[in-house]
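In: From the sequence below, what's the structure:
(chains A and B)
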Amino acid sequence: MTRYTWRKAVNAVMLTSTGLCALVAVSVLFFILGYLLWYGWRSLSWSFFTQLPKPVGETGGGMANAIVGSGKLLGLAAVIGIPVGFMGGIYLAEFGGSTFPFLVRYTADLLNGVPSIVMGIFAFTVVVLPMGHFSALAGSLALGVMLMPIVLRTTEDFLRAVPDSMREGGLALGAAKWRVVATVVVPAAFRGIATGMLLAMARVAGETAPLLFTSFGNRFWSRGLSEPTASLPVMIYTYAIAPYDDWHRQAWVAGLVLLSLVLVINVASRKILARSQ
Amino acid sequence: MGNVINSAVASRPPKRTDEEKNVPDTLPKSKAVAEPKVTVSNLNFYYGPKQALYSVNVTIPQNKVTALIGPSGCGKSTFLRTLNRMHETVRGARLEGEIRLDGEDILTLDSTALRRRIGMVFQRPNPFPKSIFENVAYGARVNGWKGNQSLSELVESSLKRAACWDELKDSLHKSAYALSGGQQQRLCIARALAVDPEVLLLDEPCSALDPISTAKIEELLFALKSSCTIVIVTHNMQQAARVSDCTGFFLLGKLLEFNDTVKVFKTPAKRETEDYITGRFG
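Out: You can find the predicted model right below:
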């Protein structure tokens, strides 16, 4: 075999193997999506969105309370996590010195890597134990704490991408620093920051572990924020491990709904970002 | 060589407004009678341990155009940025010496109040991602606009002063990003003028523009100097000769020569100045 044919052969092998690996990686998403559609679509019905779960033994019913519960948990998590992450990100990008921001950035990255169940333990300790019962508040705290570092880092990154000439332009007109940040820099980066917030929400929307022993679950409507609250991921978990066929079918539907929700947020936020560039 | 410079000095932009014609001849002969606007004494400037300016002494005359020339990295932009304390945005920058604006030490003034009085236009046009109207109104808004004019009158008069009202009046609510580079730069000048500064600093304002836009901005400087003092940093020798009354030559952080533009270009006192303006080194 000549050197030339050998090289061509190695090239072909490498190209094929890397290409196959890439194909496997992306096909996982389509496999999951197809599987969910196959099993979920057949059982999808209006009652899933409008009815409460039926008592054990009866077929039918829906997960209206879990859909509302997930919305409630996410909304409150956003209220807890987004302002802190957003303002902290502004501080890091615009006002910080060098040592403190380094520490904060490092800590945020570590926090980002903390297993989500540990966040659940944290919320369990600071909210559930003192209150004596599970609540939407505890679940939201766990999710909110997960949102914080993601929003903080994306806010910082997008603010840093705003050219300094923009800041100088504002300062040279006699505007105070905070004013320039609030009226020029943040608006210039806002689409990016909003995208980051949406993606962070999409990420925590599917979290199950931190909710297992914080918001727990509920087969009925929960009032306010201090009662145990149903959520889609925990419902999927409970229904999937139950011994009833009807529950399995509903778990597929819930999975399909949750995945569609996350995909829609993802695609929408990327569209928003693409339009700004 | 003498001819080139003579013609550069003589070739002022052709169009001059009537108002400008009535102003007493402002050729640099009369420098002695010009009032000092900014007085810099013994200015040393450091970026961390690195010294960027060495004991600069200069008096910038009121209602004149002062050009600062010199090779890249010689400190002319640094010097310009000390005048409205923009150097404070750079970490580790340190200033020694004294800069007085109408006799007041600028370091004792509040930096935002100072920058209101000394406006700045940058090398690259830097409009905000807002409408044309909002760009011009920005300075007024942040300074708590309380003038007799309405905000839209202020925007109109500022755009007129920057000679771009006719071009832009129909698109005031379009994004400033839709404009050409030259229009953006004139918009930035209008934005600076809306605050009604006493001094306008321009840091190579034409370096990113084509010759036609450059000519428009040079024309503008003539019209403006009756109402404010102008300091312009430029790499373009012809531009300095055309637009300025006084010229300062910086080299390696030192202000080597400062005099009437005609004198600097025709009979430079220093060998280095002559070498630079005739293009013998760089």
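In: Which residue, neighbours along the chain excluded, lies closest to the residue in the stretch 151-282 of chain B that chain A sits nearest to?
Out: The nearest approach of the stretch 151-282 of chain B to chain A comes at B:Val195, 5.8 Å away (Cβ to the nearest Cβ). In short, each C-beta sits where N, CA and C put it, glycine included. Spatially, and ignoring its direct neighbours in sequence, B:Val195 is nearest to B:Gly139 (3.9 Å; Cβ to Cβ, 6 or more residues apart in numbering or on different chains).
In: in which helix or strand would I find that neighbour?
Out: helix B:132-142 (DSSP states H and E).
In: model confidence over that helix, on average?
Out: Per-residue pLDDT over helix B:132-142 has a mean of 90.
In: Which pLDDT value belongs to B:Tyr54?
Out: Reported pLDDT for B:Tyr54: 92.
In: my read: it touches B:Gly253, true?
Out: Yes - between B:Tyr54 and B:Gly253 there is a contact at 4.9 Å, judged by Cβ atoms under 8 Å.
In: Please identify which of these two sits among more neighbours.
Out: Counted by other Cβ atoms under 10 Å in any protein chain shown, B:Tyr54 and B:Gly253 do not tie: B:Gly253 has more neighbours, with 21 against 14.
In: was I right about that one contacting B:Cys74?
Out: Yes - between B:Gly253 and B:Cys74 there is a contact at 6.7 Å, judged by Cβ under 8 Å.
In: Just the CA coordinates for stretch A:25-40, please, in PDB.
Out: In PDB, the C-alpha atoms belonging to stretch A:25-40 read as follows (Å, rounded to 0.1, in the frame of the first residue of the first chain):
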ATOM      1  CA  ALA A  25     -25.500  12.600  19.400                       C
ATOM      2  CA  VAL A  26     -28.300  14.500  17.500                       C
ATOM      3  CA  SER A  27     -30.400  11.400  16.900                       C
ATOM      4  CA  VAL A  28     -31.000  11.000  20.600                       C
ATOM      5  CA  LEU A  29     -33.200  14.100  20.600                       C
ATOM      6  CA  PHE A  30     -35.200  12.800  17.700                       C
ATOM      7  CA  PHE A  31     -35.400   9.400  19.200                       C
ATOM      8  CA  ILE A  32     -36.800  10.800  22.500                       C
ATOM      9  CA  LEU A  33     -39.100  13.200  20.600                       C
ATOM     10  CA  GLY A  34     -40.400  10.400  18.400                       C
ATOM     11  CA  TYR A  35     -40.900   8.000  21.300                       C
ATOM     12  CA  LEU A  36     -42.800  10.600  23.300                       C
ATOM     13  CA  LEU A  37     -44.900  11.500  20.300                       C
ATOM     14  CA  TRP A  38     -45.700   7.800  19.600                       C
ATOM     15  CA  TYR A  39     -46.800   7.100  23.100                       C
ATOM     16  CA  GLY A  40     -48.000  10.500  24.200                       C
END
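In: residues of that stretch that come out buried?
Out: A:36, A:39-40 (16 or more other Cβ atoms under 10 Å in any protein chain shown).
In: Of the residues you listed, just say which sits nearest to A:Phe158.
Out: Among the buried residues of stretch A:25-40, A:Leu36 lies closest to A:Phe158 (Cβ to Cβ), at 32.7 Å.
In: wait, what's in contact with that closest one?
Out: Going by Cβ atoms under 8 Å, 6 or more residues apart in numbering or on different chains, A:Leu36 touches A:252, A:255-256, A:259.
In: give the contact list for the closest residue to it other than its chain neighbours.
Out: Of all residues not flanking A:Leu36 in the chain, A:Leu256 sits nearest, at 4.6 Å (Cβ to Cβ, 6+ apart). A:Leu256 makes contact with A:36-37, A:40-41, A:44, according to Cβ under 8 Å, 6+ apart.
In: any low-confidence regions in the stretch 51-200 of chain B?
Out: B:147-148 (pLDDT under 70).
In: Now do the helices in it.
Out: B:76-83, B:111-117, B:132-142, B:151-161, B:165-168, B:181-193 (DSSP state H, counting those that start in this stretch).
In: Show me what the fifth one is packed up against.
Out: This means helix B:165-168. helix B:151-161, helix B:181-193 (3 or more Cβ pairs under 8 Å, 6 or more residues apart in numbering or on different chains; DSSP states H and E).
In: so which of those is the most packed in?
Out: helix B:181-193 (a mean of 24; mean count of other Cβ atoms under 10 Å in any protein chain shown).
In: close to chain A, is that helix?
Out: Yes - counting by Cβ under 8 Å from any Cβ of the partner chain, chain A is contacted by helix B:181-193 at B:188, B:191-192.
In: Alpha carbons of that helix, as CSV, please.
Out: The C-alpha atoms that make up helix B:181-193 are tabulated as CSV, following Å, rounded to 0.1, in the frame of the first residue of the first chain:
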residue,chain,number,x,y,z
GLY,B,181,-20.9,56.4,9.1
GLY,B,182,-20.6,60.1,8.2
GLN,B,183,-24.2,60.8,9.3
GLN,B,184,-23.6,58.9,12.5
GLN,B,185,-20.6,61.0,13.3
ARG,B,186,-22.5,64.2,12.7
LEU,B,187,-25.3,62.8,14.8
CYS,B,188,-22.7,62.3,17.6
ILE,B,189,-21.6,65.9,17.2
ALA,B,190,-25.2,67.0,17.4
ARG,B,191,-25.6,64.9,20.5
ALA,B,192,-22.6,66.5,22.1
LEU,B,193,-23.8,70.0,21.1
